[in-house]
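Chemist: predicted structure and sequence below. I'll ask about it afterward.
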Amino acid sequence: AQSVTQLGSHVSVSEGALVLLRCNYSSSVPPYLFWYVQYPNQGLQLLLKYTTGATLVKGINGFEAEFKKSETSFHLTKPSAHMSDAAEYFCAVIPSGGYNKLIFGAGTRLAVHP
Amino acid sequence: DTAVSQTPKYLVTQMGNDKSIKCEQNLGHDTMYWYKQDSKKFLKIMFSYNNKELIINETVPNRFSPKSPDKAHLNLHINSLELGDSAVYFCASSPTGNGANVLTFGAGSRLTVL
């Protein structure tokens, strides 16, 4: 069965520092890949997605992610963290032929300190 | 106008009761979903409907019954509530065709069973 692993349930960075949130998926056939963000007491908002084409995808709020098939990874990065980036981040996949069945990782809580 | 709206936002009830959560989307999407987020923030799909037809039915107790009166609404009814049903339930929707794999989520309904 398809699974998504997010390394690190909590990540803490200083304001202005690089943000790196890790995501690996298990599949021999590359799925569609997504990053969603959840701010406290809110629903999930799409940050970015990869389906086909360019492997480096840019999303909202300065985030980007790179699909690396050889590493089965889709890590999320942002060059400079803002306090407003503090939230829960979820990596997710839709397996090929998967009826839009979004399968989520366990989430990574990003804390940004001054 | 809220794209995907859920009511109620908060629900506190006793074990054994029956309760419903309603979801409406005004995006014109054909597919709707229910996801459950547990206390550890883990998100798991429960059900999906496409044009009022059930297309995804995960391993969920049959105390949970989704109902889709039309493609803009997907309600979740829960019978004989148990402590373990306490969670945040998210409704989502997606279009067909271009963008079919992008889900728009509601703000969530927090259910607490005492």
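Modeler: Done, it's in. As the structure is a computational prediction, the values presented were derived from the model and not from experiment.

Chemist: need the strands for chain A, in chain order.
Modeler: A:3-7, A:10-14, A:19-26, A:32-38, A:44-50, A:56-58, A:64-68, A:73-78, A:87-94, A:103-104, A:108-113 (DSSP state E).

Chemist: before we move on, what about chain B?
Modeler: Using DSSP E, the strands of chain B run over B:4-7, B:10-13, B:19-25, B:31-37, B:43-50, B:53-57, B:64-70, B:73-78, B:87-94, B:104-105, B:109-113.

Chemist: quick revisit: adding mean pLDDT and mean neighbour count, write the strands of chain A out as a markdown table.
Modeler: All C-beta spots, glycine's among them, are computed from the backbone N, C-alpha and C. A markdown table is the format used below for those (pLDDT from 0 to 100; neighbours: other CB atoms under 10 Å in any protein chain shown):
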| stretch | mean pLDDT | mean neighbour count |
| --- | --- | --- |
| strand A:3-7 | 92 | 16 |
| strand A:10-14 | 97 | 14 |
| strand A:19-26 | 95 | 18 |
| strand A:32-38 | 94 | 23 |
| strand A:44-50 | 94 | 20 |
| strand A:56-58 | 96 | 14 |
| strand A:64-68 | 96 | 18 |
| strand A:73-78 | 97 | 21 |
| strand A:87-94 | 94 | 23 |
| strand A:103-104 | 92 | 20 |
| strand A:108-113 | 96 | 17 |
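
Chemist: that older thread, could you export the strands of chain B as TSV, including mean pLDDT?
Modeler: Compiled in TSV, the strands of chain B are given as follows (pLDDT from 0 to 100):
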stretch	mean pLDDT
strand B:4-7	96
strand B:10-13	96
strand B:19-25	97
strand B:31-37	94
strand B:43-50	91
strand B:53-57	86
strand B:64-70	92
strand B:73-78	96
strand B:87-94	95
strand B:104-105	93
strand B:109-113	97
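
Chemist: dump those strands to TSV, plus distance to A:T72.
Modeler: Below are those laid out as TSV (distance: least, CB to CB, whole Å):
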stretch	distance to A:T72
strand B:4-7	31
strand B:10-13	39
strand B:19-25	33
strand B:31-37	24
strand B:43-50	21
strand B:53-57	24
strand B:64-70	33
strand B:73-78	33
strand B:87-94	25
strand B:104-105	26
strand B:109-113	34
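
Chemist: in CSV, list those along with distance to A:P79 and mean neighbour count.
Modeler: CSV is the format used below for the strands of chain B (distance: least, CB to CB, whole Å; neighbours: other CB atoms under 10 Å in any protein chain shown):
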stretch, distance to A:P79, mean neighbour count
strand B:4-7, 32, 19
strand B:10-13, 38, 14
strand B:19-25, 35, 19
strand B:31-37, 30, 24
strand B:43-50, 28, 21
strand B:53-57, 38, 13
strand B:64-70, 43, 14
strand B:73-78, 40, 20
strand B:87-94, 30, 24
strand B:104-105, 27, 21
strand B:109-113, 35, 18
